[in-house]
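Undergrad: For reference, the sequence and a predicted model appear below.
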Amino acid sequence: GAQAGGAHRDGEAGGDEEERWILSAAHLFNAGTDGFERYQGPLPIGLSFDQLNTDVVTLLGEPSSKGGHTMPIWLEYSQHGVQINFRGFAWDDRENPIASVVVYPAEVQELD
């Protein structure tokens, strides 16, 4: 399944105008994550729910940021606008499956 994850006001509505909201992230879930069914559409940048944490790093390289240990681990690739969340808590678990993928607007890369 998929879920709209984040939204924010666009700040352009004023006076009697209708307030507008902008979708800022979508959460795409693997089967069994938080009671959701598996999202059936394509995942971005070559990702697949059949991949493990090691497969993701092999495919995309080192992440722009990462976290976890006291919560399930995650890898973020801000240049692609994705965060990959895994089921397990341990970095040394080399067979940690993807729980969900969060898709958001990618950061624009400045060229020197």
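TA: All right, it came through fine. Residues are numbered from 1 along each chain as shown.

Undergrad: ok, Ile84 - contacts?
TA: For Ile84, the contact set (CB atoms under 8 Å, 6 or more residues apart in numbering) comprises 47, 56, 74-77, 98, 100-102. Just so you know, the C-beta spots here come from the backbone N, C-alpha and C atoms, and that holds for glycine as well.

Undergrad: Spatially, which residue comes closest to it, not counting chain neighbours?
TA: Spatially, and ignoring its direct neighbours in sequence, Ile84 is nearest to Leu75 (4.9 Å; CB to CB, 6 or more residues apart in numbering).

Undergrad: Mind telling me what element that neighbour is part of?
TA: Using DSSP states H and E, Leu75 maps to strand 74-77.

Undergrad: which residues sit against that strand?
TA: 45, 53, 56-57, 60, 63-68, 82-86.

Undergrad: Go again with 10 Å.
TA: Strand 74-77 is contacted from outside by 44-45, 47, 53, 56-57, 60-68, 82-86, 98-100, 102, 104, 106-107, using CB atoms under 10 Å, 6 or more residues apart in numbering.

Undergrad: ranges for the strands of the protein?
TA: Using DSSP state E, the strands of the chain run over residues 2-9, 21-29, 65-67, 74-77, 82-86, 98-103.

Undergrad: which regions of the protein sit below the pLDDT cut-off?
TA: 1-17, 109-112 (pLDDT under 70).

Undergrad: Give me the sheet partners of the strand holding Leu75 and which way each runs.
TA: strand 65-67 (antiparallel), strand 82-86 (antiparallel) (DSSP bridges).
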